[in-house]
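Novice: need a 3D model of the following:
(chains A and B)
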Amino acid sequence: MASQEGSSATIFKAIADPPTTSLQRLKGLTTGGLPTFIDVGNSFGAPAIVEDNLLYQLVRNGKRVWMMGDDTWVQLFPDHFNKSFPFPSFNVKDLDTVDDGCVQHLFPSLYEEEWDVLIAHFLGVDHAGHIFGVDSMPMIEKLEQYNVILEKVMDILKNQSGPGGLHENTLLLVMGDHGQTENGDHGGGTSEEVETSLFAMSLKNPPASASSRHNTSRMFDDGNKVRVSSMQQLDFAVTVAALLGVPFPFGSIGRVNPELYALTAGTWNQPQTGVTSCKSQTSLEEWMQNYANVLCTNSWQVKRYIDIYSKSSVIGFPSEDLVHLEKLYSQAQDDWLRIQKELLSGNKSTNGSCYTSLNDLQRQIDAYSNFLASVTELARSKWTEFDLMMMGIGLGILLLSLFIHLVVIKRANKLQELTYPSIVETQFSLRFISALFVVAIRASSFLSNSYILTEGKVASYLLGTTGIISLRYSILRKKMPIEAFAFLLLLLTLRLTTESGLSKQTVGSLLMNTFSLNVFGINDNHPIWIVIPEVLPILSLIVLATLLYKTTAGNYCWRFLKYFLTVAICFSYLLIAVHWILESNMLATPPLLQGIGRSFIPRTIYAIGFGLLVLLTVAKFLDKDMAVSYTESILIKTVAMLSAWSSTVMLIMGRQGPFIVLASAIGGWCIIRLGISEKKTKDGSVGVSATDPLPVIQWSFLAVCLFFYSGHWCAFDGLRYGAAFTGFDEFNLVRQAIILFIDTFGVSHILPILGAPLLVVFNYPKRLNFRERSGLLVNLSQVLLIYGLITSITTAITMICVTIQRRHLMVWGLFAPKFVFDVVGLVLTDVLICFSSIYYFPRVVSDRQQDQTSAK
Amino acid sequence: MPTKKTNQTSDVGNISVSISDAFLLHSFSGLGLAASFWIGYNIYSINLISDPVQTLRLLCIVEIPISILLHSFFRQNSKQCSYWKAVVQGVVGLPVGALLMAFGAVVLGAPVGIQYLVKTLYWSFLMSAFTFVPTACIYGSTWKDWQRLFAYTKPIGVLDYIICIPAHGALIGAWLGAWPMPLDWERPWQEWPICVSYGAVVGYMVGMVVSMIFVLILGRGQSHSKRE
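Specialist: Now for the predicted structure:
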């Protein structure tokens, strides 16, 4: 289309600044500033922009702005629009509502006169990418639909663009606010994500200035030596402001883009000061003078902003950079004054000066451009202010908590030894050292961005290493080599299945199976291969249910509650199966039933899960037969807690849920068995030694691996937004946030920590004497504390790494999301540890409990 | 402590290993590695980075016979076990060890796929020649000896040092060699299994040197104790 329109249309490569989420881009586009990172968190509920911005300036200057499409605009600019047609933007499964709404309002609006600026924000491509990926049919359909819409819009505009027509002076800008990766996600700083296109078409076609525009663009080619057909999105706000003749936004550091400006310069008639009388002045020169004028204002505005900014901020920019900028600016300003004087005098005296002024102007423009470019560069590298004080305090608190952890673990060890002075623990065995070493490797790997990028692989590498170490130990002890081998085998299968199925989450498990079959050249169109992915999750659900039944069957605690629990859990597993069968479209189901399956069943499962949780907590306080069998009571409590969570977690995680939960159950079982083998042979009496850190570390690493195996990664595009809508169609901030939270942290934080007592319980016989009982509790608290310690060590090191790398290129792309995920994970871990220490510990031992909570 | 035990066990019979034997064995293996790198570089003009498959194949062709034939000389129970039986043990041990190595590598994250199959195969055979084959040749399938060498890591006597330390060196070297793989330097040698092979070879070399040092210390201790 650009070629069709000749000089009046251009395509730019618009380069965005990360983070490339819609909200940040909109903010960047309208304010012309660099986005700050913390805004990503606001993506869900955006507060209005308070800084000066393009839309505010438009409104203040009496321009009428219409908006349609993504409702983020309305959240950002609540009362800037004369008319707006917002549509909810967060239901990513919905490809059409926003776009249809846009189309419906866009075409009538094009015939109306009531607006100066019309914004139509389409979302379908974004959502199609999120859900289906870039190479999918819905994506292609969406893009084709957009092509049709665009052609229609251009037809309408062209028809109206004659002299005196409605769209005589209209400029059409078509752009994307951010790109997408292959998976269709965005948020990071890779070139696929930041590079978008900007298509600009001016509808005014005055014959006289057309040639001059050709000249100018060619002139710019020569002048700049290279044709930069890309522009920064940073420059968008000022350029549009300049085109519309409104003041530049205060906080903008962009530069008026010459090419985009040239495209429409003819339409802009700013009153000029005494340059019009020069006879020999070409239209080119006139344009250049305009442009230089604009750049002058632009530079002045940026300068003012930089000055005020560095005065008001605590740290601001380094002074040598500021001095350099000052010099550049004053030089450019002096030149400009001289040229203006020359021009004024030249007009009066000779015409010859006009010829030379062309070069002067060119030089002038270059000077201004230079100034603005260096400002942008400076801002981009040094923009963010780091409050070193606060960072230090935060780090200090975390290190202090590490220290407290260590002290408490040590104290617990001491207590243990006091009760059983006979047992001498070899503290620094090879096993202990290797366990420490593995944690240290994992923590220090966060210093490099590449290791953060491949964190899942690193974690599974280290987990495999610990698995090999424990295989070695089990051969050493001549016990449970099968468990160790099974553990490695489990890791292998997990790795292979996730690697082959590392595509979109909604069809994850389905692809997981068919893709690997494709490799071996098996025709995946055969009905069996379609049925198997549907049946397998249900089969693993059944396996899980039997597992649950097996563990509870031999238990004599909570007799009444136990049956109720088992029935409830089995019922909700059944419901999950029904839900998936209905969703799979395998059987022809009436739409009414499908509606029930889509929304009613998931809600019932949530309700059952929540009800069980409440019941368990209440039961804990009414519990009386604690004293009868200590181990069994803790065991049943743990199992009950885990299964109460499991149904919800599995439902939210989708088809892969049962596999992952089953895998974690098997993996956990192997770790527990390996831990026991160590215990029982080490000392004659049962399980009264200090807690062995290796199983806990394996437990924690398995949790980390499961986080990555279940299709998450530490970035905001790693959140599985689709999962937030299981059971609900409409968007509700709090509700969807909770579901998304459970999806993200369910299998990696909630289940492992609540399941941690299992590590201890199996070490003890069913009936305990008093000493063993207190030994169990000390062990339990140690397990929880070591788990907390591992998490806080990694978080602390992540913090240190982020602090060290705060000027790193990828700091916003990789380090910061990693940091945020880690901190949220740590807070969640600590909360859960506190919860489980209250929940699992009987009220008798209150001092231990206090120990627990004080450590937090 | 171990030296005393050595005197008791190694006197039971078998082929005794002198320090010069150990030195010869190691220098042959080392020379074999160096020669195959040299041949690859100068005659076929290949190296590990440009042609990993061919180079690994060459390394295997040179190193596997050396490993099997040399270690078979030092077989235990030489009365019941002839030289050729030891060779057969080594040949049988080779694919078993390769299978274990490949399994371990894949568990730790080696890429799986048709295009990596051959590379992984040759790499695991090489690793097996470094670690598994010597023990298979010398001890056959005596579980106790295997357990002592690879689980307890308590080598007794010169022979154990000779096979145990280089094997562990190769394993640890390969393990460390995988570290630079995820880095974004975009060098050709970061591909699987190039840097891991380098790590294994270097680890094996270091292990041989360390084991020689141990053997020397041990030998001196032994001669001292004998004199006393």
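
Novice: CA only for contacts and neighbour counts going forward, please
Specialist: Will do.

Novice: count residues in the vicinity of residue A:308, would you?
Specialist: 11 (other CA atoms under 10 Å in any protein chain shown).

Novice: got it, and residue A:549?
Specialist: Residue A:549, neighbours per other CA under 10 Å, totals 17.

Novice: which residues touch it?
Specialist: Contacts for residue A:549 were tallied using CA atoms under 8 Å, 6 or more residues apart in numbering or on different chains; they are residue A:566.

Novice: for residue A:563, see how far away it is.
Specialist: 10 Å (CA to CA, to the nearest Å).

Novice: also residue A:133?
Specialist: Separation of residue A:133 from residue A:563 (CA to CA): 45 Å.

Novice: compare these two (neighbour count), which wins?
Specialist: More neighbours surround residue A:133 than the other of residue A:133 and residue A:563, with 22 against 14 (other CA under 10 Å).

Novice: list the buried residues for the lengthiest helix in chain A?
Specialist: Determined from DSSP state H, the single longest helix within chain A is helix A:770-804. Going by neighbour count (16 or more other CA atoms under 10 Å in any protein chain shown), the buried part of helix A:770-804 is A:772-803.

Novice: element containing residue A:199, please.
Specialist: Residue A:199 belongs to strand A:195-202 when assigned by DSSP states H and E.

Novice: that strand pairs with which strands?
Specialist: With DSSP bridges as the test, strand A:195-202 is paired with strand A:9-15 (antiparallel), strand A:171-175 (antiparallel).

Novice: and the shortest one, C-alpha only, in CSV?
Specialist: Once non-C-alpha atoms are left out, strand A:171-175 reads as follows in CSV (Å, rounded to 0.1, in the frame of the first residue of the first chain):
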residue,chain,number,x,y,z
LEU,A,171,-3.4,11.4,8.5
LEU,A,172,-3.9,7.7,8.9
LEU,A,173,-1.5,6.0,11.2
VAL,A,174,-1.6,2.2,11.6
MET,A,175,0.7,0.7,14.1
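
Novice: any low-confidence regions in the stretch 451-600 of chain A?
Specialist: Counting by pLDDT under 70, the stretch 451-600 of chain A has low-confidence residues at A:480, A:498-533, A:554-559, A:584-595, A:597.

Novice: what residues does it have near chain B?
Specialist: By CA under 8 Å from any CA of the partner chain, the residues of the stretch 451-600 of chain A that approach chain B are A:451, A:454, A:457, A:460-462, A:464-465, A:472-473, A:475-476, A:488-489, A:491-492, A:495-496.

Novice: report the central residue of chain B.
Specialist: A centroid search over chain B (CA atoms, centre = their mean) returns residue B:130, at 2.1 Å, as the residue closest to the centre.

Novice: is it correct that it is in contact with residue B:164?
Specialist: No: counting by CA atoms under 8 Å, residue B:130 does not reach residue B:164; the two are 10.1 Å apart.

Novice: any weak-confidence spans in the stretch 201-350 of chain A?
Specialist: For the stretch 201-350 of chain A, applying pLDDT under 70 flags the ranges A:202-230, A:251, A:258-260, A:262-287, A:309-322, A:339-350.

Novice: show me where chain A has its strands.
Specialist: Assigned by DSSP state E, the strands in chain A fall at A:9-15, A:65-70, A:83-87, A:117-121, A:171-175, A:195-202, A:230-232.

Novice: which of the ones you listed is buried the deepest?
Specialist: strand A:65-70 (a mean of 23; mean count of other CA atoms under 10 Å in any protein chain shown).

Novice: so for that one, what's the average pLDDT?
Specialist: The predicted model gives strand A:65-70 an average pLDDT of 78.

Novice: angle of it against strand A:83-87?
Specialist: Put simply, strand A:65-70 runs at 10 degrees to strand A:83-87, going by axes from the mean of the first three to the mean of the last three CA atoms, to 10 degrees.

Novice: per-residue confidence at residue B:29?
Specialist: pLDDT for residue B:29: 88.

Novice: now swap in residue B:171 and tell me
Specialist: 93.

Novice: contacting residues for it?
Specialist: Each residue near residue B:171 by CA under 8 Å, 6+ apart is listed here: B:127, B:131, B:200, B:203.

Novice: the second one against residue B:169, yeah?
Specialist: No: shown here, residue B:131 and residue B:169 do not form a contact pair, counting by CA under 8 Å, at 9.0 Å.

Novice: so residue B:219 is in which element?
Specialist: helix B:194-227.

Novice: now for that helix, which elements pack on it?
Specialist: Contacts defined by 3 or more CA pairs under 8 Å, 6 or more residues apart in numbering or on different chains; DSSP states H and E place helix B:194-227 against helix B:2-10, helix B:19-42, helix B:114-139, helix B:157-177.

Novice: dump those helices to a markdown table, plus distance to residue A:329.
Specialist: Converted to a markdown table, the helices and strands packed on helix B:194-227 look like this (distance: least, CA to CA, whole Å):
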| stretch | distance to residue A:329 |
| --- | --- |
| helix B:2-10 | 79 |
| helix B:19-42 | 60 |
| helix B:114-139 | 58 |
| helix B:157-177 | 53 |
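
Novice: near chain B, which residues of chain A?
Specialist: Chain A has residues A:448, A:450-451, A:454, A:457, A:460-462, A:464-465, A:472-473, A:475-476, A:488-489, A:491-492, A:495-496 near chain B, with proximity defined as CA under 8 Å from any CA.
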